[in-house]
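**Student:** any chance you could fold what I've pasted below:
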Amino acid sequence: MIRKFHTKSVDETEKVASMLAMELNASEPVIIAMYGDLGVGKTAFVRGLASVLAPKTRIKSPTYTIVNEHNGEKIPLYHFDMYRIEDEDELYSIGFFDYVQKGICVIEWSENISELIPKDAYRITIERTENENERIITIEETDK
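**Tutor:** Numbers count the residues shown, from 1 in each chain. Prediction:
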């Protein structure tokens, strides 16, 4: 299934993400692969997810840490940034393959590890429009 949303603010982007979070089975591992250019609102989307899945956490970009761990209501929320990841060995060294088996993993810059994203992952693409504050958000999910 593919759904598209046109948001006009950061708040609306976060609301789309919180809606998705409410649809998830938040007691089993899930992978959410995010795609989009620098500054399109990927971290804002993660804030929206966390507002439902791990409401007491503060979300910030994991650019320099690669992964931020958050205690979720039922299952941990792991927020990855793959911008600087160059190969599969680096993923092993950070424990990526262990994380994806035990929590909800949201992966920014999934383009950099696209061959390792499972087929049943949610794929979120965020694109700019001509208006600086507007975004097109595409949510793709496979039949699980």
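
**Student:** only C-alpha atoms for contact and neighbour calcs from this point on.
**Tutor:** Noted.

**Student:** strands along this structure, start to end?
**Tutor:** Along the chain, counting by DSSP state E, strands occupy 2-7, 30-35, 67-70, 77-81, 104-108, 122-128, 135-140.

**Student:** can you list these in JSON lines and add distance to Ala17 and mean neighbour count?
**Tutor:** Formatted as JSON lines, the strands of the chain follow (distance: least, CA to CA, whole Å; neighbours: other CA atoms under 10 Å):
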{"stretch": "strand 2-7", "distance to Ala17": "10", "mean neighbour count": "14"}
{"stretch": "strand 30-35", "distance to Ala17": "11", "mean neighbour count": "22"}
{"stretch": "strand 67-70", "distance to Ala17": "17", "mean neighbour count": "18"}
{"stretch": "strand 77-81", "distance to Ala17": "14", "mean neighbour count": "24"}
{"stretch": "strand 104-108", "distance to Ala17": "11", "mean neighbour count": "25"}
{"stretch": "strand 122-128", "distance to Ala17": "10", "mean neighbour count": "21"}
{"stretch": "strand 135-140", "distance to Ala17": "10", "mean neighbour count": "20"}
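
**Student:** report the central residue of this protein.
**Tutor:** Val106 (3.2 Å; CA atoms, centre = their mean).

**Student:** which residues does that one contact?
**Tutor:** The contact partners of Val106, by CA atoms under 8 Å, 6 or more residues apart in numbering, come to 31-34, 46, 77-80.

**Student:** rewinding a little: mean pLDDT lowest for which of the strands of the chain?
**Tutor:** Among those, strand 67-70 has the lowest mean pLDDT, at a mean of 88.

**Student:** contacts for that one?
**Tutor:** Contacts for strand 67-70 (CA under 8 Å, 6+ apart): 54, 57, 62, 76-81.

**Student:** what does stretch 137-144 give?
**Tutor:** Residues outside stretch 137-144 that contact it (CA under 8 Å, 6+ apart) are 1-7, 13, 119-127.
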